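K.L.:
Any chance you could fold what I've pasted below:
(one chain, ligands or ions: 1)
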Amino acid sequence: MMRIGALELRSNLFLSPLAGYTNLPFRLTLREVGGLDLATTDLVNARSLLERNAKAFKLIETRSADRPLAVQLFGSVPEEMRDAAAYLETAGYSAVDINMGCPVRKVCRVGGGSAMMTELAATAALVKGMVNAVKIPITAKMRLGWDDENLTAPDLARALEDVGVAAIFVHGRTREQGFGGTVNLPGIRAVVAAVRSIPVIGNGDVISPEAAKLMLEQTGCAGVSIGRGAFYNPWIFRHTRQYLETGELPPEPAFEERVRVMRPRAGFRGASARDVPPSGVNGGSVRRGARLPAVSQSGAVVCEAIRPGQRIQPARGAGFEPGGVPRNSGRLSPLAAAIS
Ligand SMILES: Cc1cc2nc3c(=O)[nH]c(=O)nc-3n(C[C@H](O)[C@H](O)[C@H](O)COP(=O)(O)O)c2cc1C
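P.N.:
Below is the predicted model of the structure:
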């Protein structure tokens, strides 16, 4: 289907890291539903990993059914990034992704995340050190640039290709934009045009198979990475693959299928069969607002994948009301309803 370095992938659809959400139970659920191959962990501090910090190890928790898996590292100290990548290779991970897009001040202040997009030479040198230290693919995830005046992604992507990066993931927004406005498809296209041969994977606001197709067509990107859309609808990868292959939109999953996917399984924490109240599965409808720790209608909220009271930044665009509530919430219930 497509290659990233030596990795042969069965899908050109990827899971974008959503810190706090794209954990092992969530990834296993998505993999069981299908359509996804390479997934990525939440961002992990390279230094914490080297210090064997328990929280960092929790973030890279995995198992054989959770392959292929990339770990996303952040950090700005070349030796730490290199040594963390070498450790991950020894530990059997499939790839290492470098966070160059995180807008959070805590990450940027120390030269990581989006700040890496402002220092092309230093970033390329850091990445070169990582590439030379391992055989597994090193990839980079970036935004379009720091702000509209500094759209550095094309130059950075090319510089990183020159030092051996195997693929570029690009979120079509600037750091300044945060999650506002709409995703800039011509901006992603410029990154595709800038590299010679490595795959560029587009990202941002893909919440339907049609949106994925549009991104592929309008940017020429080799694949699409989906973050929030996977949370709203874990079937998005399978449905998008089918749509890309056949041109037909599969029907929404039946209620029984949703419940089956949401049922607890070995290794899942926080939910068990007794957590699924009979009222929740009664007559094929799930009452909104009912206490359903394991059944969220959409299937997205699986056990520990969500912490009560938390919200993730809603994707704007087709199908969503402000606040992240899908207009079709009667059929495919939103994350927002599940955590309200
Ligand atoms: C709650 C949340 C956490 C995120 N955590 C990360 C992260 O750890 N690493 C990263 O590279 N991007 C992170 N992102 C950005 C996403 O990977 C992605 O680029 C962005 O959400 C746009 O894609 P989407 O519209 O498909 O969600 C995060 C986004 C959100 C909303």
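K.L.:
Quick one: name the residues of the stretch 101-250 of the chain near the ligand.
P.N.:
101-102, 141, 171, 203-206, 226-229 (C-beta under 6 Å from any ligand atom). (Each C-beta comes from the backbone N, C-alpha and C, glycine too.)
K.L.:
and the closest residue to the ligand within the stretch 51-200 of the chain, backbone torsions?
P.N.:
Scanning the stretch 51-200 of the chain for the residue nearest the ligand gives residue 171, at 3.8 Å (criterion: C-beta to the nearest ligand atom). Main-chain dihedrals, residue 171, degrees, to the nearest 10: phi -80, psi 120.
K.L.:
again, but for residue 74
P.N.:
phi -130, psi 150.
K.L.:
Please settle this for me: is residue 99 part of a strand?
P.N.:
Yes. Applying DSSP: H, G, I helix; E, B strand; the rest coil, one finds residue 99 inside a strand.
K.L.:
Stretch 73-82 close to the ligand?
P.N.:
No. Using C-beta under 6 Å from any ligand atom, stretch 73-82 stays clear of the ligand, coming no nearer than 7.7 Å.
K.L.:
what mean pLDDT would you report for that stretch?
P.N.:
Taken as a whole, stretch 73-82 has an average pLDDT of 96.
K.L.:
Chain neighbours aside, what residue packs nearest to the residue in the chain that the ligand sits nearest to?
P.N.:
As assessed by C-beta to the nearest ligand atom, the ligand sits closest to residue 227 within the chain, at 2.8 Å. Using C-beta to C-beta, 6 or more residues apart in numbering and skipping the chain neighbours, the partner closest in space to residue 227 is residue 16 (3.4 Å).
K.L.:
just to revisit the earlier point, for the residue of the chain closest to the ligand, give me its contacts.
P.N.:
15-18, 22, 203 (C-beta atoms under 8 Å, 6 or more residues apart in numbering).
K.L.:
Including distance to residue 95, secondary structure and pLDDT, could the residues you listed go into TSV?
P.N.:
TSV is the format used below for the contacts of residue 227 (distance: C-beta to C-beta, whole Å; DSSP: H, G, I helix; E, B strand; the rest coil; pLDDT from 0 to 100):
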residue	distance to residue 95	secondary structure	pLDDT
15	13	strand	98
16	14	coil	97
17	13	coil	96
18	18	coil	93
22	15	coil	91
203	16	strand	98
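K.L.:
Since that was my last question, I'll sign off now.
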